[in-house]
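Engineer: Quick one: sequence plus predicted model below, questions after.
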Amino acid sequence: MHHHATAPAGRVRRRAALAAGVSLVVAALVAAPAAAGARPGPPGPTRPDPSRPDLGANVVVLDPSMPVAQVQAAFDEVHARQVDAEMGTGRASLLLLPGEYGTAEQPLHVRVGYYTEVAGLGASPGDVVVHGTIETYNRCLSDDPANPNCLALVNFWRTLSNLTLDIDVTGQDGCRSTANFWAVSQAVSVRRLDVRADPGDPAFSLMDYCTAGPQYASGGFIADSRFGDVVNGSQQQWLTRDSEVRSWSNAVWNQVFAGVEGAPDDATFPDPPYTTLDTTPVSREKPYLYVDARGAWQVRVPSVARGSRGVTWADGTTPGRSVPLRDFYVARPGDDAARLDRELARGKHLLLTPGLYDVARTITVRRPGTVVLGLGHATITSVRGAVPLVVADVPGVVVAGLTVDAGPTRSPALLRVAGTHHGPHAAAASRRDPITLSDVYFRVGGPHRGSTDVALQVDADHVLVDHTWVWRADHGVEGFTEGVNGDTDRWRTNIGRTGVVVNGDDVTATGLFVEHFQRHNLVWNGERGRVVMFQNELPYDPPTQADWTKPDGTPGWAGYKVGDRVRTHEVWGAGVYVFNQNNPSVVTERGFEVPRRPGVRLHHVMTVNLSAGTVRHVVNDTGAQVDATNTGTPAFVAQYP
């Protein structure tokens, strides 16, 4: 199926949908467990295992000896709870012990909802095999049979990793038998997935073309994975990194590939709009939990690679080190910041089991090589304006699989990577073993009111940010009036000045999604920064032009700002979208603002109007205007300067 959707109104449909769908969201909230998703899963495996750690009620550990029906029931129970819980408190991990799940006669058909992680517990993806499908379908936001408004634009927060998927559509009806559907958008991570697919087998589709339209989807992330045929369909922007594909069909506005064997050629950009890097400048795969041959639970911490291409596990175990789970403090929802800080100070790593954690004082990671790993979209929320997490400027720290939420009292930042810039010896250590943030997401507003000056601030050098979504919520259940000409209380209450500020040198970001902040969404002041794929939507809600004008009189704040003094910076595959829902007359001068120097280079960048508002130029004073006369048609700049 080759559905090339141009997504003319892009993400805007999501907002119109949400006016109709707000009752759905509220109903989901009411249905969600009152505690931090504390309902236990289905019965455990058939044989007790004294070596198995207790990971709490929100983790379901599945065993290949369980009957297929029992495994199916476990997935179905979590999905039923999470399928519509976009703003809910439930969090879940379904972890599969090594072995095979589903059979030719009885394949598994798994669906993945909000805040849900599905992960194999093998040392390599081939150690866990699922026969069947693992899917996310469009969410239908209206009860109107004539226009159910089915789309993937709000299918956030889900994780699939470290297993082999043997696609088997037996038992799926009609259109559903044509592909494995993974229709998602933002804070969605596919890592270490091996899709078994012979030519002619059903494709892996990033678009759900089986439900009623408009079927839009806006972007996501794949790394360290191997596929047969991939149908991109309606995904507006997507990053695939260090992977393998037999074929990739369709592109909407910008599909980015870095270090991908089989990636399409980008020589005719923007027709089609592919951006292809032969290798990834610097990469480190996300840590993962696994059970070794002796039954011991470990966390594998992959090594840093430079100029990487293809999967890390092709020739055996991913290079890196293994840390026994006994060296981790296994945190539970309800543990406070003082407890977590104390465990770190004792020399423990942190494993945050799924759920919500209120943080009223800063948790500080001070020890080189510390791993902070969240399962099932574990979420830490600022209380009383605290900065929830600070990482000291020491080498080798990895923070992964965590969502950081702003609270109602304004925080100076939500996560800060401190910079001390101490001496050549320390700098060399940081260069060899950079601080890494993998699948770390940020949210300001949505399920509750939130406020922060900056979401992510990187002051240290040689930091790697591998996939983040930094979101000032454009919709939620905070009680604000939604829609065109809605009141201004979201703008005045959910304060998010800047999404990401990078002051450190030699910082690399692969998969940077930053949206709706009230000034520049991204400010990059460090030297030699590199960004592989940037997706941004400007804020929907400036009430007036005066609210969206810089102190020097410039209309609007560029989504991507490189500091005036920066001499070297490079970005590949970047987009800034505009949808001024509250006031369509609002104007933004430019999507990207950078110093005009030979060392500052932009490759394959674009702006697009999603139905309201104007951006006059793409980069500085270069590139065509996008406005309501060319909705859904990007203005591209292939190279700048």
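Structural biologist: Good, I have the coordinates.

Engineer: List the buried residues in stretch 547-565.
Structural biologist: 547-549, 555-563 (16 or more other C-beta atoms under 10 Å). All C-beta atoms are positioned from the backbone trio N, CA, C, and that covers glycine.

Engineer: And for stretch 77-90?
Structural biologist: Neighbour counts using 16+ other C-beta under 10 Å place 77-79, 81-90 of stretch 77-90 among the buried residues.

Engineer: Closest one to G573 out of these, please.
Structural biologist: Nearest to G573 among those is E86, at 27.6 Å by C-beta to C-beta.

Engineer: Then that closest one would be within a strand, right?
Structural biologist: No: with DSSP: H, G, I helix; E, B strand; the rest coil as the criterion, E86 is located in coil rather than a strand.

Engineer: Isn't it up against L141?
Structural biologist: No: contact criterion C-beta atoms under 8 Å: E86 and L141 do not qualify, at 10.1 Å.

Engineer: Give me the common contacts of these two.
Structural biologist: By the contact definition C-beta atoms under 8 Å, 6 or more residues apart in numbering, E86 and L141 are jointly contacted by V154.

Engineer: one step back: can you put the buried residues of stretch 547-565 in CSV and add secondary structure?
Structural biologist: Listed next are the buried residues of stretch 547-565 as CSV, based on three-state DSSP:
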residue, secondary structure
D547, helix
W548, helix
T549, strand
P555, strand
G556, coil
W557, coil
A558, coil
G559, coil
Y560, strand
K561, strand
V562, strand
G563, coil
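
Engineer: want to throw those into a markdown table with pLDDT?
Structural biologist: Written out in a markdown table, the entries for these read as follows (pLDDT from 0 to 100):
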| residue | pLDDT |
| --- | --- |
| D547 | 95 |
| W548 | 97 |
| T549 | 98 |
| P555 | 97 |
| G556 | 97 |
| W557 | 98 |
| A558 | 98 |
| G559 | 98 |
| Y560 | 98 |
| K561 | 98 |
| V562 | 98 |
| G563 | 98 |
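
Engineer: Quick check: of those residues, which lies closest to H467?
Structural biologist: For those, the residue nearest H467 by C-beta to C-beta is Y560; the value is 17.5 Å.

Engineer: State the distance from that closest one to E537.
Structural biologist: Going from Y560 to E537 by C-beta to C-beta, to the nearest Å gives 12 Å.

Engineer: Ok, Y640 next?
Structural biologist: Distance from Y640 to E537, by C-beta to C-beta: 21 Å.

Engineer: If you count surrounding residues, which of these two has more?
Structural biologist: Between Y640 and E537, E537 has the larger neighbour count (other C-beta atoms under 10 Å), namely 26 against 19.

Engineer: quick one, what contacts that one?
Structural biologist: Residues near E537 by C-beta under 8 Å, 6+ apart: 11, 474, 515-516, 559, 576-579, 610.

Engineer: Counting only strands, which of these make the cut?
Structural biologist: 515, 576-579, 610 (DSSP state E).

Engineer: middle-most residue in the chain, spatially?
Structural biologist: Nearest residue to the geometric centre of the chain (C-alpha atoms, centre = their mean): A187, 2.5 Å.

Engineer: I'd guess V531 is in a strand, am I close?
Structural biologist: Yes: assessed with three-state DSSP, V531 lies in a strand.

Engineer: before we move on, back to that, name the residues contacting each of Y560 and E537.
Structural biologist: Residues touching both Y560 and E537 by C-beta under 8 Å, 6+ apart: V576.

Engineer: picking up where we left off before, from the buried residues of stretch 77-90, pick the one nearest P53.
Structural biologist: Distances from P53 to the buried residues of stretch 77-90, taken by C-beta to C-beta, are shortest for V78, at 19.5 Å.

Engineer: confidence score at that closest one?
Structural biologist: Model confidence at V78, given as pLDDT, is 98.

Engineer: so who does the closest residue to it other than its chain neighbours touch?
Structural biologist: Distances taken as C-beta to C-beta, 6 or more residues apart in numbering place A92 nearest to V78, at 4.8 Å, with adjacent residues excluded. Under the criterion of C-beta under 8 Å, 6+ apart, the contact list for A92 reads 37, 41, 58-60, 78, 81-82, 115-117, 354, 376.

Engineer: Give the bridge partners for A92, please.
Structural biologist: Note on A92: beta-bridge partners by DSSP bridges are T116.

Engineer: quick one: it from E478, how far?
Structural biologist: Separation of A92 from E478 (C-beta to C-beta): 24 Å.

Engineer: which residues of the chain score low on pLDDT?
Structural biologist: By pLDDT under 70, the weakly predicted segments of the chain are 1-51, 421-423, 425, 483-487.

Engineer: can you map out the helices along it?
Structural biologist: For the chain, the helices defined by DSSP state H occupy 12-31, 68-82, 337-345, 424-432, 489-493.

Engineer: which residues touch the shortest one?
Structural biologist: Contacts of helix 489-493 with the rest of the structure, by C-beta under 8 Å, 6+ apart, involve 445, 449, 451, 474, 478, 480-481, 518, 539, 541-543, 547, 582.

Engineer: nearest to R176, of those?
Structural biologist: Among these, and counting by C-beta to C-beta, the member closest to R176 is D474, at 31.0 Å.

Engineer: thought that closest one was touching E515?
Structural biologist: Yes: with contacts counted by C-beta under 8 Å, D474 reaches E515, the gap being 7.4 Å.

Engineer: give me every residue that touches the nearest residue to V365 once chain neighbours are set aside.
Structural biologist: In space, and not counting its chain neighbours, V365 is closest to V391: 4.7 Å by C-beta to C-beta, 6+ apart. Shown in contact with V391 (C-beta under 8 Å, 6+ apart): 364-365, 397, 399, 415-418, 435, 460.

Engineer: what's the answer for N155, then?
Structural biologist: N155 makes contact with 136, 138-139, 183-185, 188, 217, according to C-beta under 8 Å, 6+ apart.

Engineer: Report the beta-bridge partners for G99.
Structural biologist: Counting by DSSP bridges, the residues bridging with G99 are V128.

Engineer: check contacts around it.
Structural biologist: Each residue near G99 by C-beta under 8 Å, 6+ apart is listed here: 63-65, 128-129.

Engineer: before we move on, what about A635?
Structural biologist: With contact taken as C-beta under 8 Å, 6+ apart, A635 is in contact with 606-608, 615, 618, 623-626.

Engineer: rerun at 7 Å
Structural biologist: Contacts for A635 (C-beta atoms under 7 Å, 6 or more residues apart in numbering) come out as 606-607, 618, 623-624, 626.

Engineer: Next, count neighbours for the residue nearest to it when sequence neighbours are not counted.
Structural biologist: Among residues not flanking A635 along the chain, A624 sits closest, at 4.1 Å (C-beta to C-beta, 6+ apart). Using other C-beta under 10 Å, A624 has 16 other residues around it.

Engineer: Start and end of stretch 553-571, how far apart?
Structural biologist: For stretch 553-571, the first-to-last residue distance is 27 Å (C-alpha to C-alpha, to the nearest Å).
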